[in-house]
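Q: next one to model:
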Amino acid sequence: MDSEGAPLGYDAFRRTCPSHTVLEMLASKWVYLTVCALRRGRMRNGELARKLEGITPKMLTQTLRVLERDGLVRREVYPVIPPRVEYELTELGQNLAGLLSQIRSWAEEHAPDIKDARARASANRQDDMAVLP
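A: Numbering: from 1, shown residues only. Reported below is the predicted structural model:
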């Protein structure tokens, strides 16, 4: 087991470890993108929906609830009519956002490399299929 450097004996490679479930939550692209979007500051639901192209209202609601439950996002409801709700990252969420932004930057920088590799792999598969009898 590789739990070197893990605090309090946590080991994400073990399926029963609580850190394993944290990684499962973080593996959601919508969790990832929502945290990155909120890094710039407070946003309302509609602003997030416009920023996160392709997210459905249901998925946005579910994602925000998960992030709030896990202490990464704070939800503030203002007592006005119509109700106004804003979301912002907690200190824990800001800490995570820094890491995720680095990964996002890496993905944006290396997207052409990945795209080229995929095209080569696809061409190789087509060449292999042409050789088969």
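
Q: in the protein, which residue is most central in space?
A: Taking C-alpha atoms, centre = their mean, the centroid of the chain lies closest to Tyr32, which sits 1.3 Å from it.

Q: name the residues that touch stretch 58-70?
A: Stretch 58-70 is contacted from outside by 22, 25, 28, 30-31, 34-35, 45, 48-49, 52, 55, 73-75, 87, 93, using C-beta atoms under 8 Å, 6 or more residues apart in numbering. In this view, the C-beta of every residue, glycine as well, is placed from N, C-alpha and C.

Q: try stretch 80-96
A: By C-beta under 8 Å, 6+ apart, stretch 80-96 touches 26, 35, 38-39, 41-45, 48, 64, 67-68, 71-78, 97.

Q: show me those that map onto strands.
A: 43-44, 73-78 (DSSP state E).

Q: quick one: which of these has the most company?
A: The most neighbours of any of those, using other C-beta atoms under 10 Å, belong to Val73, which has 22 neighbours.

Q: what about the longest helix in the protein?
A: helix 91-131 (DSSP state H).

Q: now Thr63: closest residue in space that isn't a chain neighbour?
A: Nearest residue to Thr63 in three dimensions, chain neighbours excluded: Trp30, at 4.6 Å (C-beta to C-beta, 6 or more residues apart in numbering).
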